Structures are given as C-alpha cells and as structure tokens.
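A.B. asks: Following is a predicted model, sequence given first.
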Amino acid sequence: MFKRFFSFIKFQFSKEKEFYNVIKKITGVFPLNLYYYKLAFLHSSLMLKDNNGFPLNNQRLEFLGDAVLGTTIALDLFIKFPDKNEGFLTIIRSRIVSRKNMNNIAINMGLNNLIQSIPPNKLNDTHIPGDTLEALIGAIYFDLGSKTAQKFIRKKILSEMIDLNEILRTNTNFKSHLIEWAQKYKYEIHYITEEFSNPLHNRKYFTAKVFVNDNLYGEGKGNSKKEAQQNAACKAFEVITSKHPKQQHNLFIKT
C-alpha cells in the first residue's frame, strides 16, 4: 500500500504524470512501473525493436493477459454455476471473452485513444482494441500481481461492462454458425461422433470431434449427439479465434 502511495506522489511530479493518471482512471490501480503499461499500447505494426533487437510490442503481454482473463472468468463461472457441465461453462466463457465484447469494452474504456499503430485510425474495425485490453491485463498482472489483475477484471470488466443475464439468454447455435463460417471461407467440415456407456451410472454419453479441412478443431461430449457436437463446435470457435482472427464470423460467439 505504501509503495503504491509513494508511486502516486512520485508520478505527480514527473513528466509521466498525465499518462499515469490516465491509466489510474481507466483501471483503478496505482501503477508502479509505467513501462509495462506503455508497452501494452504498442501494436506490432509499428515494427519497433529494443536495444537488443527484440520486437517492442504488446504481443507477449497480450498472451499473458489472455491467460489471466480466461482463468479468472473460468474460476468465477465454476463457483457461480456448481451444477453446470464443462460444455456450458465453456460456452459462457467464450461469449464473455468474445472479440466483439472485448473490443467494445476496450473502446468504452477509451483504450483506442492510447493505442499506437500503423495506420493509427480505423481501430474500431479491427481486433486491436480487444487485444490491447488483454495486454493491459498482462501489464497489471506483471506490475502488481494476480490479485490486482483479477480485481480489475472483476470490477472493470465483469461488473461494469458485462451483462451476464443477457449472455445467458443468448441461445447460440454453434453448429449452425460453424457451417456458415465454413461456407463463407470455403472450408469443409465434418464430425466424428461416438457413443459410450457408463456402467457405473447405467447411462450413455457421446463424444464428438469436428474437423476443418481434415484438421481437428474441437472436441466435445454430452448426453446426446447434438449436445456433443454443439460442444465440439464451441471448442472449434476458440481455435478459430487464434488461428483465423480475421475470419471470425459476425454471428457466432463473437457477439
């Protein structure tokens, strides 16, 4: 606490006062090392390098922040819905961290005004704001630790920016949207579904694998073929998010 207080006082008398206060206002935290926060807003399109020749951009912080965000939300959903299965939790988490959600949150926070990229305009039509938000989470984590990063996620994102009831009301047909995505970008998809028996509980369950151009994109299980395939399609969209960020379908979980 004292360290953060003295940090606040120090930055009020430095050239970095304005940036410090902007970060504090947006995040609600008291930064100790502004370097990480500045790095969070440097897009790779700038092609910057540090003194050792390594890339100087926010991609590594984005990687870290994405992991912290996903883990925090997974933990909260796990506690909030003790009676729901893995497929349900995965779907709700995917909707919360959807690219459109993350972009909207980043823009509403004003992060787009701080992002440095080439070209510097039309950021709202890209995934850059959402990526920057994840990088900012990474900066907070690296600067102030996991508890502060999780507090920022829960207060500034989950509480103030996410309507969980609206997300729960959304009935997303992942299988249908996966077909639309595949048709739009000329991919071929197929499922392999298997039936199993659980002798301990005397009931059946199903597993499904979905392939895009013969590459495994998702696996899921459920009490019916339909549920297993829906869960597999949901998993596939998580892969699509990382492999094909420019091809994310407007209709599926990125809503």
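C.D. replies: Structure's in. What do you need?

A.B. asks: name the helices or strands packed onto the lengthiest helix in the chain?
C.D. replies: For the chain, the helix that runs over the most residues, judged by DSSP state H, is helix 59-80. Where contact means 3 or more C-beta pairs under 8 Å, 6 or more residues apart in numbering; DSSP states H and E, helix 59-80 is packed against helix 86-96, helix 128-144, helix 146-152. For every residue, glycine as well, the C-beta is placed using N, CA and C.

A.B. asks: make it 6 Å
C.D. replies: In terms of contacts (3 or more C-beta pairs under 6 Å, 6 or more residues apart in numbering; DSSP states H and E), helix 59-80 is packed against helix 86-96, helix 128-144.

A.B. asks: in the first one, what's buried?
C.D. replies: Looking back up the chat, that one is helix 86-96. 87-96 (16 or more other C-beta atoms under 10 Å).

A.B. asks: can you list contacts of that helix?
C.D. replies: Contact with helix 86-96 is made by 73-74, 77, 162, 167, 231, 234, 253, as judged by C-beta atoms under 6 Å, 6 or more residues apart in numbering.

A.B. asks: the inter-axis angle of that helix versus helix 59-80?
C.D. replies: Per axes from the mean of the first three to the mean of the last three C-alpha atoms, to 10 degrees, the angle that helix 86-96 makes with helix 59-80 is 130 degrees.

A.B. asks: show me where pLDDT drops low in the stretch 1-150 of the chain?
C.D. replies: Within the stretch 1-150 of the chain, the stretches with pLDDT under 70 are 1-14, 120-121.

A.B. asks: The same query, at a cut-off of 90, please.
C.D. replies: Regions of the stretch 1-150 of the chain meeting the criterion pLDDT under 90 cover residues 1-18, 20, 46, 50-52, 83-101, 117-127.

A.B. asks: ok and the longest helix of the chain relative to helix 128-144, angle-wise?
C.D. replies: The directions of helix 59-80 and helix 128-144 differ by 80 degrees, with the same axes, to 10 degrees as the criterion.

A.B. asks: How far does helix 59-80 sit from its chain's centre?
C.D. replies: From the chain centre to the centre of helix 59-80 is a distance of 7 Å (C-alpha atoms, centre = their mean, to the nearest Å).

A.B. asks: so who does the closest residue to E134 other than its chain neighbours touch?
C.D. replies: Nearest non-adjacent residue to E134, counting by C-beta to C-beta, 6 or more residues apart in numbering: G65, 3.8 Å away. Counting by C-beta under 6 Å, 6+ apart, G65 touches 134-135, 137-138.
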